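Engineer: Dropping a prediction and its sequence here:
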Amino acid sequence: MSGTPAGAARTPDRPGRAPATPGARDLGRALGLALRLAFRSSPWVLASHLAVTLVSAAAPVAATWLVKDILDTLTSGASGTSTAGIAAPAAALAAISTVAAVAPQLTGYLRARMMRATSLRAHEDLHAAVDTFTGLRRFEHPEFLDQLRLAQQAGGLAPSQVVEGAAGLTRSAVLLAGFVGSLAVLDPFLAAVVSLSGIPVLWAEITLSRRRARTFWDISPSERREIFYATLLTSVEAAKEIRLYGAGGFLRGRMMSERRAADVLRERMDRSELRIQSALQTAAAVLAGAGLLWAVGAASRGAMTVGDVSMLLAAIPAVQSGIGGLAGELGQAHHSLVMFDHYVTIVRLGPDLPAPHRPRPAGPLREAIEIQDVWFRYEDELPWVLRGVDLRIERGTALALAGVNGSGKSTLVKLLCRFYDPTRGRILWDGTDLRDIPAAELRARVAATFQDPMRYDLTARENIAISELTALEAPRRCEEAARLAGMHEDLARLPGGYATMLSRTFRSGEGDGSGSGVQLSGGQWQRMGLARSFLRTDADLLILDEPSSGLDPAAEYEIHARLRERRAGRTSVLISHRLGAVKDADVIAVLEDGQVRELGDHRRLLARGGTYHRLFTLQSSGYRDEPAEAEGACS
Ligand SMILES: Nc1ncnc2c1ncn2[C@@H]1O[C@H](COP(=O)(O)OP(=O)(O)OP(=O)(O)O)[C@@H](O)[C@H]1O
């Protein structure tokens, strides 16, 4: 190791560390955000929902009092007054019954509407937050991905569940207050006993909710792996190898064992729920039975009226179910908040790469990009990939990176794009540390074709314009880029031309009339990757990581001739194992074991007789017996 850290990177955060049960402050923060989210998404639906909840909570209490009133009037024995006396309460009872009958439907509709609205908003906010993670490191942390998955699940449901919980709590509280009050009028002691019986119910619900949240976290890795295997088993990309190698059974076995592992945890949770709930229900039934016996005894002694007994018979189970409901709602709301905390954590995570304290603009490259004593490893516990790399890329020059597999070439270009920050050392853009330049600004100055260009299940035009979205409205620009990459004829010939969907998984794009999309060959996809970078005509830095590995020799020759043209006078970094393509670069850096071992132009490196000479001689000897044109293609 050499040199002092010129700018130590922030320790990679691990937002997904298995969270302990969130504390009251975290839950308070989650509650605030969930309610704000629900309010912002659908204020009127939220207000209507709460109003209907209040009315439907008050209805059963009012109905019970009205029934008592009617029964007491009927059994009072005062002849002639009974019909007139019961007309008004009977009409009120009928009205309340109608409201009570309609309320659940209305509540159901409002609940579904609120859920859609909040889930839509939460989904957008979550993915907008994820889009602000400019680096790649978080996406390589399994714990982060577990938490992201829980956040995706919770973001959709939790806010409305929290509101639902709040509505349910209000409903249960009104109901409970009404019936406890009614019981207290008849017998304060009984009211106190029935109310106190709610304490263990509350405790049980909170305990269960904590366990549920823990179970969700514990099964998340298994669920993610299960989804991974299930996707492999049904994806067209994996279908060839899986069928050829007969690996379906093996992968299915893995998928099922992940499912079984998750089911064991689910079963454990269900049993614990069954045990606790059964005990509580038994206790509640015993209490209700005792209350009933006591009421019947009191009525037979004449200490209670028939109306009182009917009130008591309605009030005891209502108080019990009110307490159960209250506890259940609290448990559910607690669980939703614990889950929603994952969402809040992700949404509040902020940028993964330290944002510059004093951002400096990335102006057009005027002098050079300097890589100064750069050390890099992907994780603290992983080996160094780059070990003190020093390189200067002058404006307008072509740098080629050569070296055996795993020597760190692609890693170096990932650092140039600032997908990661160097662990030590720094990279300067005209003297400004890349860390001081906002990532989006830097990237707007870079065009890159990566080793494995992405295959988007989008139309051909969208597949090119993804690098420069303004080109979606300017089809000629996409065509020009495709022409430079040697893809225009192929794309124009597709059933729907540039509107054809490049996918066999989704239906084709508008207007091609073919019904199903098409799939490109590996080399054609590589050209699409090139077209993407060619679309960024004013990029200052062109990065080409193995741009031609999948091309046939003639196509490779043609592409490299074009690349030479495009690179002329522009700053570029080319990685290629085809040393014939590398030899024209102004400077060739040979990486070995994460260090620059050789540096110079083709002639100088050949004369040096080192690794470059060895690799070049080995490669060119392979072509010596080939026909003349193939030789031409590689020289
Ligand atoms: N995302 C990653 N996480 C952890 N290790 C990685 C990651 N990407 C690459 N590596 C490791 O870093 C080392 C250098 O990889 P890199 O892709 O930079 O090599 P390369 O020179 O481009 O190789 P090739 O010629 O095969 O493309 C390898 O040992 C690889 O295993």
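Structural biologist: Yep, it's here.
Engineer: Which residue is the nearest non-sequential neighbour of residue 367?
Structural biologist: In space, and not counting its chain neighbours, residue 367 is closest to residue 430: 5.2 Å by C-beta to C-beta, 6 or more residues apart in numbering. C-beta: built from backbone N, CA, C; applies to glycine.
Engineer: Quick check: the one you found touching residue 361?
Structural biologist: No: the criterion here is C-beta atoms under 8 Å, and residue 430 misses it with residue 361 at 10.5 Å.
Engineer: Same drill for the two, tell me which one is more crowded.
Structural biologist: Counted by other C-beta atoms under 10 Å, residue 430 and residue 361 do not tie: residue 430 has more neighbours, with 16 against 10.
Engineer: What are the phi and psi values at the more buried one?
Structural biologist: Backbone dihedrals for residue 430, given as degrees, to the nearest 10, come out at phi 50, psi 40.
Engineer: For it, list the residues it contacts.
Structural biologist: 363, 365-369 (C-beta atoms under 8 Å, 6 or more residues apart in numbering).
Engineer: of the residues you listed, buried ones?
Structural biologist: Taking 16 or more other C-beta atoms under 10 Å as the criterion, what is buried in the contacts of residue 430 is 365, 368-369.
Engineer: Need the worst-confidence member of these.
Structural biologist: Lowest pLDDT of the buried ones among the contacts of residue 430: residue 365, 89.
Engineer: ok, and the closest non-adjacent residue to it?
Structural biologist: Among residues not flanking residue 365 along the chain, residue 540 sits closest, at 4.0 Å (C-beta to C-beta, 6+ apart).
Engineer: What is the neighbour count of the residue of the stretch 201-350 of the chain found nearest the ligand?
Structural biologist: Taking C-beta to the nearest ligand atom, the ligand has its nearest neighbour within the stretch 201-350 of the chain at residue 228, 17.2 Å off. Using other C-beta under 10 Å, residue 228 has 14 other residues around it.
Engineer: Check the spacing between it and residue 235 real quick.
Structural biologist: 10 Å (C-beta to C-beta, to the nearest Å).
Engineer: The residue of the stretch 1-150 of the chain found nearest the ligand: neighbour count?
Structural biologist: Per C-beta to the nearest ligand atom, residue 140 is where the stretch 1-150 of the chain lies closest to the ligand, at 5.5 Å. Residues lying near residue 140 (other C-beta under 10 Å) number 13.
Engineer: what's near enough to touch it?
Structural biologist: residue 378.
Engineer: residues from this structure in reach of the ligand?
Structural biologist: The interface of the chain toward the ligand, taken as C-beta under 6 Å from any ligand atom, is made up of 140, 378, 382, 385, 403, 405-411, 451.
Engineer: Quick one, which of the residues you listed has the minimum pLDDT?
Structural biologist: Ranked by pLDDT, these bottom out at residue 451, which scores 82.
Engineer: what's the neighbour count on that residue?
Structural biologist: Neighbours of residue 451 using other C-beta under 10 Å come to 15.
Engineer: Ramachandran coordinates for it?
Structural biologist: Note on residue 451: backbone dihedrals following degrees, to the nearest 10 are phi -50, psi -40.
Engineer: how about it, what does it touch?
Structural biologist: Taking C-beta under 8 Å, 6+ apart, one finds 410, 545-546, 549, 575 in contact with residue 451.
Engineer: do that again at 7 Å, thanks
Structural biologist: When contacts are counted by C-beta atoms under 7 Å, 6 or more residues apart in numbering, residue 451 touches 410, 545-546.
Engineer: any idea which of those is closest to residue 504?
Structural biologist: Set against residue 504, the nearest of the contacts of residue 451 by C-beta to C-beta is residue 546 (25.2 Å).
Engineer: Is it correct that the closest one is in contact with residue 575?
Structural biologist: Yes: here residue 546 reaches residue 575: they are 5.8 Å apart, a contact under C-beta atoms under 7 Å.
Engineer: more crowded one of those two?
Structural biologist: In this view residue 546 and residue 575 are compared by other C-beta under 10 Å, and residue 575 has more residues nearby, 24 against 21.
Engineer: Could you count how many residues lie near residue 44?
Structural biologist: For residue 44, the neighbour count with other C-beta under 10 Å is 10.
Engineer: element containing it, please.
Structural biologist: Of the helices and strands defined by DSSP states H and E, residue 44 is found in helix 43-74.
Engineer: so what does that helix touch, helix or strand wise?
Structural biologist: helix 81-131, helix 142-186, helix 306-347 (3 or more C-beta pairs under 7 Å, 6 or more residues apart in numbering; DSSP states H and E).
Engineer: Between helix 81-131 and the second one, find me the angle.
Structural biologist: Read that as helix 142-186. Put simply, helix 142-186 runs at 160 degrees to helix 81-131, going by axes from the mean of the first three to the mean of the last three C-alpha atoms, to 10 degrees.
Engineer: Show me the contact partners of stretch 325-337.
Structural biologist: With C-beta under 7 Å, 6+ apart as the test, stretch 325-337 has contacts from 27, 30-31, 158, 161-162, 165-166, 168-169, 172-173, 176, 198, 201-202, 205-206, 208-209, 212-213.
Engineer: Got a quick ChimeraX command for the buried subset of those residues?
Structural biologist: Buried subset of those, written as a ChimeraX selection, criterion 16+ other C-beta under 10 Å:
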select :27,30,31,158,161,162,165,166,168,169,172,176,198,201,202,205,208,209,212,213
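Engineer: The nearest residue to residue 92 once chain neighbours are set aside: neighbour count?
Structural biologist: Spatially, and ignoring its direct neighbours in sequence, residue 92 is nearest to residue 66 (5.8 Å; C-beta to C-beta, 6+ apart). Number of residues near residue 66 (other C-beta under 10 Å) recorded here: 21.
Engineer: In contact with residue 66, which residues are there?
Structural biologist: By C-beta under 7 Å, 6+ apart, the neighbours of residue 66 are 89, 92-93.
Engineer: now those residues in a markdown table, with pLDDT and neighbour count?
Structural biologist: A markdown table is the format used below for the contacts of residue 66 (pLDDT from 0 to 100; neighbours: other C-beta atoms under 10 Å):
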| residue | pLDDT | neighbour count |
| --- | --- | --- |
| 89 | 84 | 17 |
| 92 | 88 | 16 |
| 93 | 87 | 19 |
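Engineer: wouldn't residue 398 be in contact with residue 583 here?
Structural biologist: No: here residue 398 does not reach residue 583: they are 10.9 Å apart, not a contact under C-beta under 7 Å.
Engineer: nearest to the ligand, of the contacts of residue 430?
Structural biologist: Closest approach between the contacts of residue 430 and the ligand, by C-beta to the nearest ligand atom: residue 369, at 17.9 Å.
Engineer: And that closest one, its phi and psi?
Structural biologist: Backbone geometry at residue 369, expressed as degrees, to the nearest 10, gives phi -100, psi 130.
Engineer: any idea which element residue 489 lies in?
Structural biologist: Using DSSP H and E, the element containing residue 489 is helix 488-492.
Engineer: now the helices for the stretch 351-500 of the chain?
Structural biologist: Secondary structure of the stretch 351-500 of the chain (DSSP state H, counting those that start in this stretch): helices located at 409-416, 439-444, 460-465, 475-484, 488-492.
Engineer: what's the most buried one of those helices?
Structural biologist: Compared across these, helix 460-465 shows the largest average neighbour count, a mean of 26 (mean count of other C-beta atoms under 10 Å).
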